[in-house]
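> here are the coordinates; sequence isn't available:
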């Protein structure tokens, strides 16, 4: 597989995007990514289920936002293309929907552009949102594809835990949401734990791989992304009832009531998730 990628790609350090691809059953990963995932899974097998549940959350959240009239999406930290990518989900609801994928991994960009060759309404931008929101919002491709004067679906799905505290990830979210139009949606998930030892173990292990990483945060810490925004109902019947930020497996799931953490108390790691609107 190595000859499919540019020669300057680092094949010795695990990549979050390729690790996620492996967990989802993809083929665009290296042995170093698979070994890193296997180390994590040996200690926390819920990583595998969590990855699939988070992908399903993305699908439900994009479908919901599109059903509410959002027809353009900014997918930050998009990761490698897989089944049911954001533009495919959005365009099932709104055929004219547009999606800009943003990532700082050259493999993601190469695969994404190949996937979209000859397609419409979507593009891949190589950029790092942690270096400043303006670099993304003012990029020529962004201006060509999205109208930032109209509401956007801003997607930070399983991404913010990759950004260290020193880069002020929640300040970044605040600055980003200040720049987008009223009526914009935030679609968000973040790996969390209510067990400090588990959070520290995962964070230390990821950093030991040499992989750029932030940390596993507590649900309370992860909730900072929603400050100043109105969280929508997490119930599939849209009832006005708590909880609104939940375990990703239960957000607007037609067969699972919203829950703040996995029902199995032995599970120490999950994705805190929700959708909110800028009024």
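All right, it came through fine. Here the structure is a predicted model, which is why all the values come from computation and not from measurement.

> mind listing the helices for the stretch 151-279 of the chain?
169-179, 196-208, 219-222 (DSSP state H, counting those that start in this stretch).

> buried stuff in the longest one?
The one in question is helix 196-208. Residues of helix 196-208 classed as buried: 198-199, 201-203, 205-206 (neighbour count, 16 or more other CB atoms under 10 Å). C-betas here are computed from N, CA, C, even on glycine.

> Output the contacting helices and strands for that helix.
Packing partners of helix 196-208 (3 or more CB pairs under 8 Å, 6 or more residues apart in numbering; DSSP states H and E): helix 31-43.

> Would you convert the helices of the stretch 151-279 of the chain into CSV that also reports distance to residue 12 and mean pLDDT?
Shown next, in CSV, are the helices of the stretch 151-279 of the chain (distance: least, CB to CB, whole Å; pLDDT from 0 to 100):
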stretch, distance to residue 12, mean pLDDT
helix 169-179, 27, 97
helix 196-208, 14, 98
helix 219-222, 31, 98
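
> out of these, which comes closest to residue 247?
helix 219-222 (9.5 Å; CB to CB).

> how much distance is there from that closest one to the middle of the chain?
Remark: helix 219-222 is offset 16 Å from the chain centroid, using CA atoms, centre = their mean, to the nearest Å.

> biggest helix in this protein by residues?
helix 46-67 (DSSP state H).

> Would you format the helices of the stretch 151-279 of the chain as JSON lines with distance to residue 257 included?
Converted to JSON lines, the helices of the stretch 151-279 of the chain look like this (distance: least, CB to CB, whole Å):
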{"stretch": "helix 169-179", "distance to residue 257": "28"}
{"stretch": "helix 196-208", "distance to residue 257": "25"}
{"stretch": "helix 219-222", "distance to residue 257": "18"}
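
> Mind checking those helices for the one nearest to residue 120?
With CB to CB as the measure, helix 169-179 is the member of the helices of the stretch 151-279 of the chain nearest residue 120 (26.0 Å).

> quick one: contacts of the closest one?
When contacts are defined by CB atoms under 8 Å, 6 or more residues apart in numbering, helix 169-179 is touched by residues 129-130, 133-134, 137, 148, 154, 156, 160, 163, 184, 186, 214, 224-225, 227-229, 278.
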